[in-house]
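Peer 1: Predicted model and sequence follow; I will ask about them next.
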Amino acid sequence: MLYVCLASYGQKSNNVVLGAERTDMYFPILKNKRIAVFSNHAGMVGDKHLVDILLENKLDVVAIFSPEHGFRGDADAGEHVSSSVDPQTGVPILSLYDGKSGKPSDESMRKFDILVVDIQDVGLRYYTYYASMVRLMDACAEYNRKVLILDRPNPNGHYVDGPILDMKYKSGVGWLPIPIVHGMTLGELGMMVNGERWLPGSRVCDLTVIPCDNYTHQTLYRLPVPPSPNLPNMTSIYLYPSICFFEATPVSLGRGTSVPFQVYGHPNMKGYDYSFTPRSVPGAKNPPQLDRLCYGVDLSQMSDEDAWKRGVDLSFVIDAYNNLNLDDHFFRPFFELLVGTDYVRKMIQAGNSAEEIRAMWQEDVEKFKVQRRPYLLYEE
């Protein structure tokens with residue numbers, strides 16, 4: 001049996017029924033099919049992994065596609081993960097992060113008839129699981145394979161925020177013309193990819209979504225399992241839309257500590273009493289500012305409500321930018337890939353406030369809310 005450590009995320013605060021739990025709706029679709037599964041350690045249904053459930057019910061799982069961080073969810077961000085065989089089940093694991101194209105090979109595509117997607121997303125444009133799903137959808141459209149998404153709630157699904165990606169900045173951390181926080185589940189996003197003809201060559205994938213039950217976009221869903229190594233709790237997930245920008249700066253966001261995405265600091269930041277030292281740990285083997293004492297800000301005690309209400313808040317990045325006084329050496333080109341547009345860096349350097357910059361993307365937010373409406377499966 002597959003094993004996963006359930007973290008102290010707290011219990012679900014509602015009675016949401018996951019798509020994967022609604023077996024009566026999708027077992028008939030999978031019968032007599034060769035099945036590939038796109039999932040990772042968080043693809044749990046209660047205390048069992050989806051792969052185990054499928055195998056116990058004599059369904060023919062022939063392959064597992066694994067995303068960033070690997071099938072077990074313990075690899076570093078962006079780390080190359082080799083393909084392997086799952087020791088508990090003997091099912092081949094085909095890594096989408098093996099340093100190649102991110103798209104499955106011809107040999108892989110010929111192994112299966114239907115792809116089952118069951119992965120926990122957190123609803124941000126730069127969180128890479130959705131991009132892997134879209135590349136798989138493209139391959140399935142090309143090879144005439146069916147795709148079945150077993151939907152899961154989006155813990156940041158209650159709002160939309162941030163600029164729509166300027167596609168000249170398309171990358172592995174920005175794959176679709178959507179805002180930073182898109183407020184959709186993967187099932188809804190998959191339907192939008194088809195409906196907006198976002199696959200190359202305007203291809204359309206043969207897609208079925210098994211929706212969650214008892215879920216709306218105002219449901220504050222607490223994840224039962226950490227979706228990746230450096231999002232260990234709900235505070236980190238709610239602050240992720242604001243803190244991730246430090247990835248494109250010299251500032252540590254707490255990788256290599258017990259509070260990643262909940263602190264920020266740098267050895268040369270002045271005027272702060274709080275300090276931390278990033279260490280090499282599983283999931284963050286070589287974090288920024290490794291083994292250096294950093295001074296900065298601790299957000300880890302912030303209430304969940306205060307954290308999720310911030311949305312995409314640039315005030316933290318602006319604070320560090322002004323404190324360090326590094327001018328052009330603060331932002332790396334990666335910043336534009338994360339933020340998705342070229343005006344944000346310029347406005348920060350010009351001294352604009354977080355509120356003034358946020359006002360610039362409000363039109364994008366309203367435009368996207370209208371554009372996505374036909375694809376929503378759940379009440380706003």
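Peer 2: In hand now; what should we look at? As the structure is a prediction and not an experimental result, all values here were calculated from the model.

Peer 1: Report all helices and strands that the helix or strand hosting residue 346 contacts.
Peer 2: Assigned by DSSP states H and E, residue 346 falls within helix 343-349. Here helix 343-349 touches helix 315-324, helix 334-339, helix 354-360, going by 3 or more Cβ pairs under 8 Å, 6 or more residues apart in numbering; DSSP states H and E. Backbone N, C-alpha and C define where each C-beta goes, glycine included.

Peer 1: Now the phi/psi pair for residue 296, please.
Peer 2: Main-chain torsions, residue 296, degrees, to the nearest 10: phi 180, psi -140.

Peer 1: Burial check on the closest residue to it other than its chain neighbours, number of neighbours?
Peer 2: Spatially, and ignoring its direct neighbours in sequence, residue 296 is nearest to residue 265 (2.3 Å; Cβ to Cβ, 6 or more residues apart in numbering). By other Cβ atoms under 10 Å, the residues close to residue 265 number 28.

Peer 1: between the helices and strands packed on helix 343-349, which one is nearest to residue 201?
Peer 2: With Cβ to Cβ as the measure, helix 334-339 is the member of the helices and strands packed on helix 343-349 nearest residue 201 (24.1 Å).

Peer 1: which residue sits closest to residue 213 in space, ignoring its chain neighbours?
Peer 2: residue 17 (3.8 Å).

Peer 1: pretty sure the one you found is touching residue 210, no?
Peer 2: No - taking contacts as Cβ atoms under 8 Å, residue 17 lies outside contact range of residue 210: 10.2 Å.

Peer 1: neighbour-wise, which of these two wins?
Peer 2: For residue 17 versus residue 210, neighbours defined as other Cβ under 10 Å are more numerous around residue 210 (21 against 13).

Peer 1: how about the residue nearest to residue 213, phi and psi?
Peer 2: phi -100, psi 120.

Peer 1: swap in residue 149?
Peer 2: The phi/psi pair for residue 149 (degrees, to the nearest 10) is phi -100, psi 120.

Peer 1: list the contacts for it?
Peer 2: Taking Cβ atoms under 8 Å, 6 or more residues apart in numbering, we find residue 149 in contact with 19, 117-118, 133, 186-187, 190, 207-210.

Peer 1: Repeat the analysis, applying 10 Å as the threshold.
Peer 2: Shown in contact with residue 149 (Cβ atoms under 10 Å, 6 or more residues apart in numbering): 19, 26, 38, 115-119, 133, 137, 185-191, 207-211.

Peer 1: Now do it against residue 184, distance only.
Peer 2: Using Cβ to Cβ, to the nearest Å, residue 149 is found at 12 Å from residue 184.

Peer 1: shared neighbours of those two, which are they?
Peer 2: Counting by Cβ under 10 Å, 6+ apart, the common neighbours of residue 149 and residue 184 are 190-191.

Peer 1: coming back round to it: in the helix holding residue 346, which residues are buried?
Peer 2: Going by neighbour count (16 or more other Cβ atoms under 10 Å), the buried part of helix 343-349 is 343-345, 347-348.

Peer 1: does residue 65 count as helix, strand or coil?
Peer 2: Secondary structure, DSSP: H, G, I helix; E, B strand; the rest coil: residue 65 is strand.

Peer 1: Tell me, how many residues neighbour it?
Peer 2: Counted with other Cβ under 10 Å, residue 65 comes out at 28.

Peer 1: repeat for residue 172
Peer 2: For residue 172, using other Cβ under 10 Å, the count is 15.

Peer 1: can you check residue 32 too?
Peer 2: Here the count is done by other Cβ under 10 Å, and residue 32 has 7 residues near it.

Peer 1: Am I right that it falls within a strand?
Peer 2: No - counting by three-state DSSP, residue 32 is not part of a strand but coil.

Peer 1: And the strands in the protein, which stretches?
Peer 2: In the chain, the strands defined using DSSP state E lie at 34-38, 44-45, 48-49, 60-66, 84-85, 92-95, 114-117, 146-150, 206-210, 263-266, 274-276, 294-298.

Peer 1: Against residue 37, how distant is the residue lying closest to residue 30 once chain neighbours are set aside?
Peer 2: Distance criterion Cβ to Cβ, 6+ apart; nearest residue to residue 30, sequence neighbours excluded, is residue 59 at 5.2 Å. Applying Cβ to Cβ, the value for residue 59 to residue 37 is 10 Å.

Peer 1: Name the residues contacting each of those two.
Peer 2: With Cβ under 10 Å, 6+ apart, residue 59 and residue 37 have common neighbours 51, 116.

Peer 1: Can you find the helix or strand in the chain with the smallest mean pLDDT?
Peer 2: None of the helices or strands of the chain scores lower by mean pLDDT, DSSP states H and E than strand 84-85, at a mean of 78.

Peer 1: list the helices and strands it packs on?
Peer 2: Using 3 or more Cβ pairs under 10 Å, 6 or more residues apart in numbering; DSSP states H and E as the contact criterion, the elements in contact with strand 84-85 are strand 60-66, strand 92-95.

Peer 1: quick one: which of these is nearest residue 50?
Peer 2: Evaluated with Cβ to Cβ, the helices and strands packed on strand 84-85 place strand 60-66 nearest to residue 50, the distance being 9.2 Å.

Peer 1: what about that closest one, average pLDDT?
Peer 2: Regarding strand 60-66, the rounded mean pLDDT is 93.

Peer 1: Check which residues of that strand are buried.
Peer 2: 61, 63-66.

Peer 1: And for stretch 239-258?
Peer 2: Buried residues in stretch 239-258 (16+ other Cβ under 10 Å): 239-257.

Peer 1: start to end distance for stretch 268-280?
Peer 2: Start to finish, the residues bounding stretch 268-280 are 21 Å apart (Cα to Cα, to the nearest Å).

Peer 1: got the buried residues for it?
Peer 2: Of all the residues in stretch 268-280, those buried under the rule 16+ other Cβ under 10 Å are 269, 272, 276, 278.
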